[in-house]
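J.: Pasting the sequence and the predicted model now:
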Amino acid sequence: MVPEYRNCIGGEWVAASSGDWIEVRNPADTDDVLGQVPASTVADVQAAIAAARAAFPAWAGLTPPERGRVLHRAANLLETQVDAWTSALTREEGKTRMESQREVVRSVELLRYFAGEAWRVGGDLLPADTPNTLLYSLRVPLGVCAIITPWNFPLSIPVWKIAPALVVGNTVVFKPASATPIMAIMLTSLLHEAGLPAGVLNIVTGAGGALGDALVTDAGIDAVSFTGSYSVGHALYQKTAPRLTRTHLEMGGKNPVIVAADADLDKAVQIVAAGGFGLTGQACTATSRVIVERPVLQAFTERLVATARNLKVGPGLSDGMQMGPAVSTGQRTTDLDYIEIARSEGAKVLAGGGAPEGSVYARGHFVQPTVLAGLTPNMRIAQEEVFGPVIGLLEAGDMEEALAIANNTSYGLSAGIITTDLRRAIRFAERAEAGMVKVNQGTVGASIQAPFGGFKNSGSGMFREMGKGAVEFFTKVKTVYIDGQ
Ligand code: NAP
């Protein structure tokens, strides 16, 4: 019997009004059916918005610490179930057990961090122009927030949006990615077990293309927080603009790393391989372009190729695996298509370049860790996001040229340099056109307390996720003048 997961609308666990379902399978073994989730309809979306609206006044009327305690309890519950959630995450998304465990533990930390915001969110006391007057500003919730998430961090991205939205008093309609809806439903269930009142968090699963417009253009939606591809995010922005709906977009990347001639090459290889092949390259911050200064190009390339060839690729739940499958057959096709595009553009495949062979790979969406050499800056493979385990190498004559290549992209999410020269590091940090700059660290990975978001086509830019930025996005500022006479 295939497990049946349901939408949560107004605190009720319900099937889609159409009665239709979507099957979810393990990307490492497509014979492994994990369950089915509702193929929701526009009517379901509207019911979820109505439930969130109805729940808003009471939830917003609680004190912030009362709301924060729910998140604290959710963190405590999740912490006692890390192993089970780790396995569930790997079975649904495909990442290795270690990668999934990091994401689950990070989600516990995110819940705790945003629970703590309950005791910090406030405003400013300002000097008044007249005597006996109290002048202050405070942050108030927006109302009902639509939260739309991708599949690559199926637990932590929803947490880093939903937790700040809730703690400041908003209610939420959550539309998770169709590749990983079970994690999203488990998170919704966890928050209810932790004491979230009915209607405060509502989830509707189903195709974004069919449900998206109804969700983001509804008059009952006060804000939209979206993470996903540039093409979907860009189109979504046009739809929320007419109603002036506050909208936050975090989108794709084509993240560069410069390997300077003075770099420690072993460290550089380790950082680049982890950034490009970790999470199967399915991170918005994944390293995809490596710009190597000419004197070290050959030595660096040889070591990176050896590392790529030695990576253990296989089902994420099997012991010792270093890289899991692509999330879906569609993503694998995209990865392989881009490798072919690169070949046709004149790039050389030095490692990988296809799907691995063998019975262990027969029922999964596996792709070999791939190293491409001989890229030039304007090739499609050097410009477009692949979202797979594909690293492209470019050559630079000096630091100026390397910087120009690094910035030669429509994206601007994360950018790194490996160098032992502090002046180069500082110059790079000043001039890299990216929302996040890493010196001698991988392009992937961000601290909860630090602002996170992209420049250029990687993000809508006005707000940041995590850190203080999350609370800023999910609140509006009210200024109060009180004449005490
Ligand atoms: P996607 O195809 O853009 O989908 C993202 C979300 O939008 C999914 O829930 C999707 O639902 C939904 N959606 C699809 N069409 C929609 C529409 N017309 N209106 C409203 N929502 C719609 O992206 P993805 O493949 O899930 O994720 C990969 C992308 O996310 C990559 O580009 C990656 O770089 C980016 N990403 C960015 C960040 C960041 O913080 N910058 C982090 C992680 C990932 P369905 O799944 O049902 O289609």
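T.: Happy to help now that I have it. Numbering: from 1, shown residues only.
J.: Only C-alpha atoms from now on, for both contacts and neighbour counts.
T.: Noted.
J.: Quick check: buried residues in stretch 243-258?
T.: Neighbour-count burial for stretch 243-258, counted by 16 or more other CA atoms under 10 Å, picks out 245-258.
J.: ah, wrong one, I meant stretch 86-104
T.: Buried, per 16+ other CA under 10 Å, within stretch 86-104: 86-101, 103-104.
J.: In helices, which of the residues you listed appear?
T.: Secondary structure from DSSP state H places 86-93, 97-101, 103-104 of the buried residues of stretch 86-104 in helices.
J.: Contact residues of this structure facing the ligand?
T.: Proximity of the chain to the ligand (CA under 6 Å from any ligand atom) is limited to residues 148-151, 175-179, 206-209, 212-213, 227-229, 232, 236, 250-253, 283-284.
J.: And those, which of them are buried?
T.: 148-151, 175-179, 206-208, 212, 227-229, 232, 236, 250-253, 283-284.
J.: Over to the closest residue to residue 352 other than its chain neighbours: give its phi and psi.
T.: Nearest non-adjacent residue to residue 352, counting by CA to CA, 6 or more residues apart in numbering: residue 370, 4.3 Å away. The phi/psi pair for residue 370 (degrees, to the nearest 10) reads phi -120, psi 130.
J.: shift numbering so it begins at 53
T.: Got it, the first residue is 53 from now on, which makes the last one we talked about residue 422.
J.: For residue 422, grab the count of nearby residues.
T.: 24 (other CA atoms under 10 Å).
J.: Would you confirm that it contacts residue 403?
T.: Yes. Counting by CA atoms under 8 Å, residue 422 touches residue 403, with 5.1 Å between them.
J.: can you list the weak-confidence ranges in this protein?
T.: Applying pLDDT under 70 to the chain flags no residue at all.
J.: Quick one: the helices in it, in order.
T.: 94-113, 116-131, 134-145, 149-169, 208-219, 233-245, 260-268, 282-292, 317-329, 346-362, 381-397, 451-459, 474-483, 519-525.
J.: so who does residue 336 touch?
T.: Contact analysis of residue 336 by CA atoms under 8 Å, 6 or more residues apart in numbering lists 303, 304, 305, 439, 465.
J.: Could you find the closest non-adjacent residue to residue 446?
T.: Excluding the flanking residues, the one nearest residue 446 by CA to CA, 6+ apart is residue 343, at 4.7 Å.
J.: that older thread, in strands, which of the residues of the chain next to the ligand appear?
T.: 200, 227, 279, 302 (DSSP state E).
J.: and of the residues you listed, the nearest to the ligand?
T.: The shortest approach to the ligand among these belongs to residue 302, at 3.9 Å (CA to the nearest ligand atom).
J.: neighbours around residue 533, how many?
T.: Count around residue 533 with other CA under 10 Å applied: 12.
J.: Ok, residue 483 next?
T.: For residue 483, using other CA under 10 Å, the count is 13.
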